[in-house]
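K.L.:
task: produce atomic coordinates for the following.
(2 chains)
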Number of protein chains: 2
Amino acid sequence: MSQYTPPIRDMQFVLHEMLNAESTFKAIPAFEEIDADTMNQIMEEGGKFCAEVLQPLNAVGDTEGCTLNKADHSLKTPTGFKEAYQQFVEAGWASLSCDPTYGGQGLPVTVNQAFYEMMNSANQAWTMYPGLTHGAYDCLHEHGSQEQKDLYLPKLTSGEWTGTMCLTEPHCGTDLGMLRSKAEPQADGSYKITGAKIFISSGEHDMAENIIHLVLARLPDAPVGTKGISLFLVPKFVPNADGSLGARNPIFCGAIEHKMGIHGNATCQMNLDGATGWLIGQPHRGLAAMFVMMNAARLGVGMQSLGLTEIAYQNAVVYAKDRIQSRSLTGPKATDKPADPIIVHPDVRKMLLTTRAYAEGGRALCMWTALELDKELSHPDEAVRKEASEMVALATPIVKAFITDNAWEATSHCMQVYGGHGYIAEWGMEQYVRDSRINMIYEGTNTIQSLDLLGRKVLGDGGAKLMKFGKMVRALCEAEANNPAMKEFIEPLADLGDKVSKLTMEIGGKAMQNPDEVGAAAVDYLRVVGHLFYGYFFAKAAKIALEKQSGGDKFYTAKLHTARFYFQKMLPETAMLIRKARAGSSSLMEMEADLF
Amino acid sequence: MSQYTPPIRDMQFVLHEMLNAESTFKAIPAFEEIDADTMNQIMEEGGKFCAEVLQPLNAVGDTEGCTLNKADHSLKTPTGFKEAYQQFVEAGWASLSCDPTYGGQGLPVTVNQAFYEMMNSANQAWTMYPGLTHGAYDCLHEHGSQEQKDLYLPKLTSGEWTGTMCLTEPHCGTDLGMLRSKAEPQADGSYKITGAKIFISSGEHDMAENIIHLVLARLPDAPVGTKGISLFLVPKFVPNADGSLGARNPIFCGAIEHKMGIHGNATCQMNLDGATGWLIGQPHRGLAAMFVMMNAARLGVGMQSLGLTEIAYQNAVVYAKDRIQSRSLTGPKATDKPADPIIVHPDVRKMLLTTRAYAEGGRALCMWTALELDKELSHPDEAVRKEASEMVALATPIVKAFITDNAWEATSHCMQVYGGHGYIAEWGMEQYVRDSRINMIYEGTNTIQSLDLLGRKVLGDGGAKLMKFGKMVRALCEAEANNPAMKEFIEPLADLGDKVSKLTMEIGGKAMQNPDEVGAAAVDYLRVVGHLFYGYFFAKAAKIALEKQSGGDKFYTAKLHTARFYFQKMLPETAMLIRKARAGSSSLMEMEADLF
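P.N.:
Numbers count the residues shown, from 1 in each chain, chains lettered A, B, ... in the order given. Okay, the predicted model is just below:
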């Protein structure tokens, strides 16, 4: 069975030593009292909840899954899920970063994200219930009318009600322009919504008394395509003005999907049969409103895969130190035993260190992005807000795609460390592999993320956002140019920075002749930029570790080792990626479809 | 639901056009009548059995799994498995490449392997029952006494009885030197064997009347380690001299494993409680005898992943042509529809073409290795046999590790093509991903394969075997040096050949100072050599396609496109691999185990 220790020290390293979150918060009036101690306390307490309450339910959720009672449309979540959710709500965890106006604690997004890393390590399937709720909260907070906010936000803030996003239909997921669900205006200002939605995470369950669905549908006069989609609020039970529950709304779960992983989360087919809903925001502007939720969700998905990477690493390390099998190639190490622990073997270490580096790099990227998001949302200076919003826009597809692709590789490595035992359910590792796989797909497939990055975020503004990030990289390189101890990190980082610039210009030039060049290069390109981010963070980590390791704290020695491993053994992936990206589109596009 | 069309034309291309199997067989007296027509007929008939009988049972096997009745130790396989096996035995498919002395059809291994590709595409979990039987047949055929052969081989040849290999114990898999099962000699020349085995594929089932277990155990006077392991034949029912079934032997399935995939195959914990067995071959020489079975099994595992790659490709192509979603980046293509089929998108094509290239490269490698194996086993000229045995030894770890790693990537790509639907069990794709994962682990993990290749097969003989293969590569490069149409293939192939030589020498040199350098480089090294093989085969395929495409058969156009894609978009992986392999062991080994 899996075990989990919240990586508090590693999170502190990123938040306090690498990013100095406290100083960012000091410049934001709403957060000026959030110091390192406050953050530490929340992480400690939150970590306990994750390790003690959520983690023991993870295997249960996988084994039991959810059960739909078709007779009364009720859905039973796995044993213990409901009780854990009650504890979650009662302890106030749902409201960490919510607006105090509606009962929230007003903490930074960054603090909430740190908590979500631990929740996802402990139990991704469970965490999706509050995770989607928080997304619905964000969307309604930004686009809801005052009346809607007053009625719904307090309940979403406390977690008494949960939320969903109902986008996908059987014939359309990526291409929402084709969606068919219909909303008919009623005399009282509400709408009757009819349609079929699929893949609705947390669409039905028994964990909370009400579920607030955010549903995309078309008004009768809607233009075709994405410009004719509106967003509606469709509660499972229509609340009365005092927040008490009224009539059951005809939005029912018709079936649950049998899927590869995240069995503990109910993935529902939702049928709307004239369900009552209310327009959120402007008619035909639903997709834009939903994008608030989707961008938050994309960061959330990266956080899911970060969580899985961390717990897979922790368990694989325990196994690798415990399992004895064969002798070291350089001669016996555990001479008192019939074989050496498998952590003596170079390739076992390679798999572990790869996972460790993905966890550390992913954590730095997620926390950095969260801090930028806090600045975007709450900083008093408009120029700071604007620049931060650009950084969040640039980083979001990388957080989503790079971290989730890496987690698929990392969890698979950790499974391999277990040998045959990794393939057996009882050890828990294969669940992490299966759970992680969905993260590459939902909230926009990783291909879509790569097109968003290269096509929209980079080429869309002539590389302006990327250059701003590049400036940070250059600043670090210049500051450390004369530090011989940093040479092994700074040289390859600077080199990669130059290569990214050249590659971007080359693809940009080719794309003007042939738009397929963007699609042909985008996935490789995203990984190259992902490595530029990670290289930057690992260089920063190395700098801190070099300064502090003389104090004798081996924590810093380990950080330095991981950074070295990253630069020597992982950054070389960029040599392949750049070649692939530069190889263009012809070998992809010339073959007639019939010949496949 | 999945569909499957046996890729007969592609198999013919490899066997007849690329490898000219007929001419190899003409030089082997036992096979001189095996012409292309004979091979085609067997592939056609075999393909029908796979597509019509086995493939429809694949999802059933995954959903139902196996059920153990602990009361009477019986095990029920999924619905239809037993009946399909009866058809298999009755049609004579079990005996294709078996020795006519014992009732076999005496066909080449190559023909049997072609059939196994299709069986594995159709149903890997089912195919493991006859697959392991064939391994037990091989082992007994080579190492059994005449009496053992007379009693057991006819039944294993016909498939009336099945076989297993019982190696792994809870505390040892890779390191069999630690195994503890004991064999006590009895007065009648038999042994009483006691021990606990785990992960025994097809260890118990209801598909055949008897199961012949090949069991590794220690004699009382055994030296410690791998030099004290003996091999025993332990039948489920002890047969009488006439082949009729006698007493039930106390070798019982105590539990079945719940695992990530291959649910249709019974993975058993086997308890031997004084089970009667007979020594196979010499005392303490069991591991060497078992290696006959293990080498065959390693080729078989590569074939499993080849099969999964092919069927994943076929289904993803159907989906990509059928599913409409978004418009081509270069403007609408299916103007009569609200969106274009997703095969217009470059990255969808990249995922499909990657899978296609892995299937085509894997098929060429498997068939080439099988032909070398036929030469090794049956060629009249000893020098030819010796050279062929060296090629088989070199290729075996590559077949096992390269093809299975590639299949994991490929099946995951095909799943990604399906978007969210790929994650749902009903579509069948996620089963291929789960099933394929075990192939990287069993019969020696892929790390073990890489150590076998680099440490034993390459550095072990000073690179002699590798140089023999390198000579073939060079011969092709020299023959095509003045062919401008082949330049795009020959130049990168020749370049890679040079790089492999240099890399091998560099690692060899470093390994003399520090054996961990082998372990640090081996996994990357194996993939580099795998690409050298694939590059060689794709260059050969391109040459044939260039010569024949003018005839107007678009089959050759497609082969040319795939070869181009391979060289432009996949071979660049070697740039990364060589850098990683050269980066050495220090970043892996310097971190103290406690710091992980």
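K.L.:
burial measure for the residue nearest to residue A:539 when sequence neighbours are not counted, as a count.
P.N.:
Spatial nearest neighbour of residue A:539, excluding adjacent residues (Cβ to Cβ, 6 or more residues apart in numbering or on different chains): residue A:489 at 4.3 Å. Quick note: C-beta positions are derived from backbone N, CA and C, even for glycine. Residues near residue A:489, counting by other Cβ atoms under 10 Å in any protein chain shown, number 28.
K.L.:
where do the helices sit along the stretch 251-400 of chain A?
P.N.:
A:286-322, A:346-378, A:382-417 (DSSP state H, counting those that start in this stretch).
K.L.:
longest strand in chain A, by residue count?
P.N.:
As assigned by DSSP state E, the longest strand anywhere in chain A is strand A:267-280.
K.L.:
each with direction, which strands does that strand pair with?
P.N.:
Strand pairing for strand A:267-280, using DSSP bridges, gives strand A:191-201 (antiparallel), strand A:230-235 (antiparallel), strand A:251-256 (antiparallel).
K.L.:
look up how far chain B lies from the residue nearest to residue A:539.
P.N.:
The gap separating residue A:489 from chain B is 12 Å, by Cβ to the nearest Cβ, to the nearest Å.
K.L.:
which element is that residue on?
P.N.:
Following DSSP states H and E, the helix or strand that holds residue A:489 is helix A:487-513.
K.L.:
got the residues of the stretch 101-250 of chain A near chain B?
P.N.:
Counting by Cβ under 8 Å from any Cβ of the partner chain, the stretch 101-250 of chain A comes close to chain B at A:168, A:172, A:173, A:174, A:175, A:177, A:178, A:198, A:199.
K.L.:
and the fourth one, how many neighbours?
P.N.:
When neighbours are defined as other Cβ under 10 Å, residue A:174 has 19 of them.
K.L.:
next one: residue A:45
P.N.:
Residues near residue A:45, counting by other Cβ under 10 Å: 13.
K.L.:
which other residues reach the helix or strand harbouring it?
P.N.:
Assigning secondary structure by DSSP H and E places residue A:45 in helix A:36-49. The contact list for helix A:36-49, computed with Cβ atoms under 8 Å, 6 or more residues apart in numbering or on different chains, reads A:6, A:8, A:11-12, A:15-16, A:21-22, A:87-88, A:91, A:93, A:96, A:107, A:111, A:114-115, A:118-119.
K.L.:
list the buried residues of the next helix or strand after it.
P.N.:
Next along the chain after helix A:36-49, taking DSSP H and E as the criterion, comes helix A:58-64. Neighbour-count burial for helix A:58-64, counted by 16 or more other Cβ atoms under 10 Å in any protein chain shown, picks out A:58, A:59, A:60, A:61, A:62, A:64.
K.L.:
need the residues you listed in a markdown table with distance to residue B:253 and pLDDT, can you?
P.N.:
Shown next, in a markdown table, are those (distance: Cβ to Cβ, whole Å; pLDDT from 0 to 100):
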| residue | distance to residue B:253 | pLDDT |
| --- | --- | --- |
| A:58 | 29 | 98 |
| A:59 | 24 | 98 |
| A:60 | 27 | 98 |
| A:61 | 29 | 98 |
| A:62 | 25 | 98 |
| A:64 | 26 | 98 |
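K.L.:
and the strands paired with strand A:267-280, which is most packed in?
P.N.:
Among these, the stretch with the highest mean neighbour count (mean count of other Cβ atoms under 10 Å in any protein chain shown) is strand A:230-235, at a mean of 26.
K.L.:
just the angle between that one and helix A:286-322, please?
P.N.:
If you take axes from the mean of the first three to the mean of the last three Cα atoms, to 10 degrees, strand A:230-235 sits at 60 degrees to helix A:286-322.
K.L.:
tell me the contacts of the closest residue to chain B within the stretch 101-250 of chain A?
P.N.:
Using Cβ to the nearest Cβ, the closest approach of the stretch 101-250 of chain A to chain B is made by residue A:175 at 4.3 Å. Contacts for residue A:175 (Cβ under 8 Å, 6+ apart) come out as B:324, B:325, B:326, B:339.
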